[in-house]
Every structure is written in structure tokens, then in C-alpha cells.
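Just need the structure, nothing else, for what follows:
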Amino acid sequence: MIRKLIRPLAIALAIPMAFATVATHAQTAAYPAKPIRMVVPFPPGGGTDILARLVAQKLTEVNHWTVVPDNRAGAGGTIGIAEAARAAPTGYDIVMGQKDNMVVAPWLYKNLSYNPVKDLTAVAHVAYTPVVIVTQANSKFKTLDDVVKAARAAPDTVTYGSPGNGTTIHLAGEIFNSAAKIKMRHVPYKGSNAAMMDVLAGNVDLMVSSVPSAMAQIKAGKLRPLAVTSARRSTSLPDTPTVAELGYKDFDVSTWYGIFVPAGTPKDVVTLLNADINKLLATPEMKAAIIAQGAEPQSMTPEQFGALLKTDYEKWKGIVQASGATIE
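Numbering: from 1, shown residues only. All right, here's what the predicted structure looks like:
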């Protein structure tokens, strides 16, 4: 008797679940059925914006999707990430995140509204890049050693700009201060472009920047690269030494860029986005375009990218805490 009752009940419960599964697959099969918004958490013209627009443009051209970049700048990139984390998990709101706002900011900002590991899902790693220390082409600083000597002779007088407080780039400058036992004064800006204008005008002595943000002005001969902060030289700047090569052993600070979606976005959508972005990254045209901007293309599965996020999230907790830096 009990078995007779259980069987119809099981069937009754299974029917809605089956319909839900079919509906989910049907929705994914039709994806994207409308424009996709790509949140860019920095102003136009910086490294994040350049790479985000490149991905959006290629997805639009190759897949015939409509991917619309939407710049939501401020607070070291955290405003845009927070907006993306609050969006509906449908796959129609994606965000170009990077190490700055995904693994550094959570330990710097005391009242951040999102947890990157819990509130966002990693989709596709796009590229990584070293940080570059640059100065105006006609600056008195010809080498990084010139900077160190000047900073030691007159502490807190050599200035360096960055895209904002709490970015990996800002901390790269502070970590170099510590490694070289000097004190340069940090001047934060709202994005790379504003900092770039001031270093070109001579209003700040140096800029610490992602390579993509500085590449156009380096190629134009308006900025002189003094060093890159990664463990090995940049493919785009092969003649520029690393900080480690200049005597600061094991110095290694770089940043990465990748696509994220709100937590709870259907797995099929995540898989589709990852596959299509990775196809783009494998093309010679896309590789050349990313390298031309000073970044290094690198694809990953969602699981690999998610693991990188978690590893760096814990790693930078210690780095930020050791630096003593916090932002209200």
C-alpha cells in the first residue's frame, strides 16, 4: 500500500523538476537573446577598459552578439564590481574584474559590500600583465637607481601616481618603497588616464601602471619605462629590466584580468561564455591584439580561474595586512 502511494508522489514531484530542467536548457540554448552588459569598473582608456572593450568587440564581431561596455568607475574599481555582484544572475550582466578589485580591495576597504569568492563566479581568465614604473620621456630619472638615490636623499619628495588607492598598482609602489627602503609619496587618481596626464605634464615624477595603460605613450616615445615588477620581462617591453634584475631579489607583482558573473548564474551560461572567450583568445588576431596592448593572453577553465581567485584572495590578505594599509 505504501509503495503504491510513494510511486505517484515521486512522479508528481519529478514532473515540475523535469520541466524546470528543460526550461533552463531551453533558456541557455537561446542565450544570448538580448544585449549583454559588460561592466567595466574603471574609466575609459585604462588597461581594464582596453581589454574589456577588446573582448566585447570580438564577441560582437565573431559571435554576432551585442556586448555593450558600461564604465562604472570609482573607489579603486570596487563600485563596478559591487554593481555586478548585485545584478540578476542571468548571464546578461558580466564584469571585467582584475586582481585590484577582486583580491586586494576586500582586505583594504573596511566596509566593502561584496565578497568576491561568494558573490561572484569566475568565468574566463583573459590576460595577465606586469606593472611598469614609468616617467616622462625628458625626466631627470633615466634609471630606477636614479629614483632610489633621489628618494633617499630627500624622502617624501619623489611622487608617483596610480589609478587609485587600494589597487595592485598602488601597492606595487608601496612594496617597492619597502624593498628599496625609501619613501616616495603616493598620489592616487580616479583611473589611469588622469594619472597619465599628470606624469606627461610633469606634475608627478613617476607613474606606476599596468603595461596596457601605459603602452600607447611608451610607443609614442612620451614615457620612459624604468622597470617592470613581474618575475620575468614583459613580452611587449623586452628591453625593460625587471625590478628583481635591478637588485631587489624575488620582487614579483603582476595583475590579471578576467570575466566574472553574479553568483547563481546558470552553469550552462558560464560554460558557454568560457568556451567562446577561450576560442577568441586562441586566435592569432586576438593574441596579437592583447600583446600589442602590453598584456599576455592566457585562457583557463572556470574551475582553474576560480581556484586562482581563491588562492590570490588568501595570499593578498597577508600582503595587505603586512603593509598596514586600510581604506575607510
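
Helices of the stretch 51-200 of the chain, start to end?
Secondary structure of the stretch 51-200 of the chain (DSSP state H, counting those that start in this stretch): helices at 78-86, 99, 105-108, 116-119, 144-153, 168-180, 192-201.

Of the ones you listed, flag the one that's most buried.
Comparing the helices of the stretch 51-200 of the chain by mean neighbour count (mean count of other CB atoms under 10 Å), helix 99 comes out on top with a mean of 26. C-beta coordinates here come from the backbone N, C-alpha and C atoms, glycine included.

before we move on, what SS does the closest residue to Leu51 other than its chain neighbours have?
Nearest-residue entry for Leu51: Tyr257, 5.2 Å, with adjacent residues in sequence omitted and distances by CB to CB, 6 or more residues apart in numbering. Tyr257 carries the three-state label strand when classified by DSSP: H, G, I helix; E, B strand; the rest coil.

mind listing what Tyr257 touches?
Going by CB atoms under 8 Å, 6 or more residues apart in numbering, Tyr257 touches 47-48, 51-52, 96-98, 125-129, 295.

repeat that with 10 Å
Shown in contact with Tyr257 (CB atoms under 10 Å, 6 or more residues apart in numbering): 47-48, 50-52, 55, 96-100, 102, 124-129, 210, 212, 290, 295, 298.

Can you flag the buried ones in the residues you listed?
47-48, 50-52, 55, 96-100, 102, 124-129, 210, 212, 290, 295 (16 or more other CB atoms under 10 Å).

quick one: which of those residues sit in strands?
96-98, 124-129, 210 (DSSP state E).

Any chance of those in CSV with pLDDT and distance to Glu61 as columns?
Listed next are these as CSV, based on pLDDT from 0 to 100; distance: CB to CB, whole Å:
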residue, pLDDT, distance to Glu61
Met96, 98, 18
Gly97, 97, 23
Gln98, 92, 24
Ala124, 98, 17
His125, 98, 21
Val126, 98, 16
Ala127, 95, 18
Tyr128, 90, 24
Thr129, 87, 23
Ser210, 87, 25
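
Quickly check those residues for the two that are furthest apart.
Ala124 and Ser210 (18.7 Å; CB to CB).

Relative to Pro106, which of the ones in strands among the buried ones among the contacts of Tyr257 is nearest.
Gly97 (11.7 Å).

Contacts only, for the closest one.
Applying CB under 10 Å, 6+ apart, the residues near Gly97 are 39-41, 48, 52, 77, 80-81, 84-85, 103, 116, 120, 122-123, 126, 256-260, 309.

at 7 Å instead, please
Gly97 is in contact with 81, 258, 260, counting by CB atoms under 7 Å, 6 or more residues apart in numbering.

and it, bridged to which residues?
Gly258 (DSSP bridges).

ok, now Ser254?
Applying DSSP bridges, one finds that Ser254 bridges with Pro130.

didn't it look like it was pressed against Ala127?
No - using CB atoms under 7 Å as the test, Ser254 is too far from Ala127 to be in contact (10.6 Å).

And the strands in the stretch 151-300 of the chain?
159-162, 185-188, 206-210, 223-228, 254-262, 296-297 (DSSP state E, counting those that start in this stretch).

any idea which of those strands is most buried?
strand 206-210 (a mean of 29).
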